[in-house]
Every structure is written in C-alpha cells, then in structure tokens.
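[1] Need a 3D model of the sequence below.
(chains A and B)
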Amino acid sequence: AAGVIQSPRHLIKEKRETATLKCYPIPRHDTVYWYQQGPGQDPQFLISFYEKMQSDKGSIPDRFSAQQFSDYHSELNMSSLELGDSALYFCASSALAGGPIQETQYFGPGTRLLVL
Amino acid sequence: AQKITQTQPGMFVQEKEAVTLDCTYDTSDPSYGLFWYKQPSSGEMIFLIYQGSYDQQNATEGRYSLNFQKARKSANLVISASQLGDSAMYFCAMREGDTGRRALTFGSGTRLQVQP
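    Numbers count the residues shown, from 1 in each chain, chains lettered A, B, ... in the order given. Predicted structure coming up:
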C-alpha cells in the first residue's frame, strides 16, 4: 500500500538559512499534519491542512510557514534557521473514511534536519 | 496537566513473553481516540492500534491488544509473544473531539528492549 512520502530524508543547513520540506500524502487522504520531534522528545504538532486550507495550528514558530497545494502535497518552509530547529519533521495524512473518531494519522518516514 | 502520561521510560522483556506498556490520559471530552505508535531506531512512526472512546470492546490487532479501562482513563498496550523486532520506542497518543482532523497529543514514550 502507498505510504506518505517525505523529501528530503536528510537535510543539513547553516544557521539563518532557509529549508523547504515536502510531503506527499497517501492517495485520497485529504488532511495533512506536520509534527516536529526534537532529540529524545515526543512529536509536537505544528500545523495541519484540510482541502488546501489551514485546519489547525499548534506550536509553529512565526519563522515557519506551510501550505497545501492542489494535488494535496504540502510544503513546510522554514526560514532563519536556528540550532534548536534541528529535529525530525514528520508529515502525516488522514481521511475520514471510517468516521471522525476513527480517523487515523499515518506518518511518513520523516525528514531529519540538522542545523549547524 | 499532562494529557498523556507514560510512566515507564524503559522496559525489558524476554523474547516470546508478553509485555504491557502503560498509558493514562486526561480529557473532559466524551469523544476521543487513543492510538499507539511504534518508533524503531530508524525513526519512522508506525501506527499499531486504535481505540475509540465509545468502543465497547478492547481493540486487537495481531499480537497487539489494548487494555482499555475507561473509568481509570487508561489504555495500556499489550504485546504478546515478544520478538526481537519489537525493540523500539512506543508512543501513546490521543485525539480529542468528534469532528476529526484534530492533532494528536503524544506521551513521552516507553523504550522497549526485547532480550533473546
């Protein structure tokens, strides 16, 4: 079965640089979520999109922005990178096929970002 | 207050034995979903099992079962017949509300090591 695709898988940037992470959801999934997982931490919700509109917002820094495109893929844009942005960034996708309570988020393999 | 609490930072289990990973949650919403994810050392986040707040029976999925005690607000994961490949970090997560498309809140995780 098709899974969530994320690119790149690894990324090394310098402080103050920008980065763009891409996410391709499972086909026919209409909602995309972004999470950040710092070293030794649990994933923290950043932002989500449903039908190309922002659906919910979590602890996303103002330096970050995201959008969902007409083909449902999503991009997370990160500017003025800081050392503390080094983390594993997950994209997850879901669909309400089984009903809203049963909605399950399926995660991509993650993008490991290292800021030097 | 923590919404998801996993009190076992690390657990050891012998191969072929069963193990229970604890998870307690805190919500005032009558509608919620509880999820368990496995994160191997490679980093990906793998969905294991789901339990809805209105489900009358405990969820099962192969060697995984969920011991759901609603009054105690606990949702413990039971892994039967442990295998070496079960060694990983396990996260309990919750989504509140019945409208769907809501972010997951994760616990701090339990690192399980299966010994031969």
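
[2] going forward, measure contacts and count neighbours with C-alpha atoms only.
    OK.

[3] Assess the claim that residue B:88 and residue B:43 are in contact.
    No. The criterion here is Cα atoms under 8 Å, and residue B:88 misses it with residue B:43 at 9.5 Å.

[4] and chain A, which residues reach chain B?
    A:31, A:33, A:41-45, A:48, A:50, A:55-56, A:94, A:96, A:99-110 (Cα under 8 Å from any Cα of the partner chain).

[5] of the residues you listed, buried ones?
    Neighbour counting by 16 or more other Cα atoms under 10 Å in any protein chain shown classes A:31, A:33, A:42-45, A:48, A:50, A:55, A:94, A:96, A:100-110 among the residues of chain A next to chain B as buried.

[6] Which part of chain B gets nearest to chain A, residue-wise?
    Using Cα to the nearest Cα, the single residue of chain B nearest to chain A is residue B:100, 4.1 Å away.

[7] Break down chain B into its strands, ranges please.
    B:4-5, B:10-14, B:19-21, B:24-25, B:32-39, B:46-52, B:60-61, B:64-69, B:74-79, B:88-96, B:105-106, B:110-115 (DSSP state E).

[8] So for the fifth one, what gets flagged as buried?
    Counting neighbours by 16+ other Cα under 10 Å, one finds that the buried residues in strand B:32-39 are B:32-39.

[9] and for it, what are the contacting residues?
    If you take Cα atoms under 8 Å, 6 or more residues apart in numbering or on different chains as the criterion, strand B:32-39 is touched by A:101-102, B:45-53, B:75, B:77, B:88-98.

[10] so residue A:59 makes contact with residue A:44?
    Yes. Taking Cα under 8 Å as the definition, residue A:59 is a contact partner of residue A:44 at 7.5 Å.

[11] which residues touch residue A:68?
    A:32, A:49, A:51-53, A:74-75.

[12] Can I have the buried ones of those residues as a ChimeraX selection?
    In ChimeraX syntax, the buried subset of the contacts of residue A:68 is picked out as below (16+ other Cα under 10 Å):
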select /A:32,49,52,74,75
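
[13] Farthest-apart pair in the contacts of residue A:68, please.
    The span of the contacts of residue A:68, defined through Cα to Cα, is set by A:51 and A:75 at 14.1 Å.

[14] follow-up on the earlier one: filter the buried ones among the residues of chain A next to chain B down to the ones in strands?
    A:31, A:33, A:44-45, A:48, A:50, A:55, A:94, A:106-107.

[15] can those residues go into a markdown table with extra columns for pLDDT?
    Formatted as a markdown table, these follow (pLDDT from 0 to 100):
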| residue | pLDDT |
| --- | --- |
| A:31 | 91 |
| A:33 | 97 |
| A:44 | 97 |
| A:45 | 97 |
| A:48 | 96 |
| A:50 | 91 |
| A:55 | 91 |
| A:94 | 91 |
| A:106 | 95 |
| A:107 | 97 |
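
[16] Which of those sits closest to residue A:116?
    residue A:44 (21.9 Å).

[17] Settle this for me: that closest one is touching residue A:60, isn't it.
    No. If you go by Cα under 8 Å, residue A:44 and residue A:60 don't touch, sitting 9.2 Å apart.

[18] roughly how far apart are the closest residue to residue A:86 other than its chain neighbours and residue A:82?
    The shortest distance from residue A:86 to any non-neighbouring residue, by Cα to Cα, 6 or more residues apart in numbering or on different chains, is to residue A:114 (4.6 Å). Separation of residue A:114 from residue A:82 (Cα to Cα, to the nearest Å): 10 Å.
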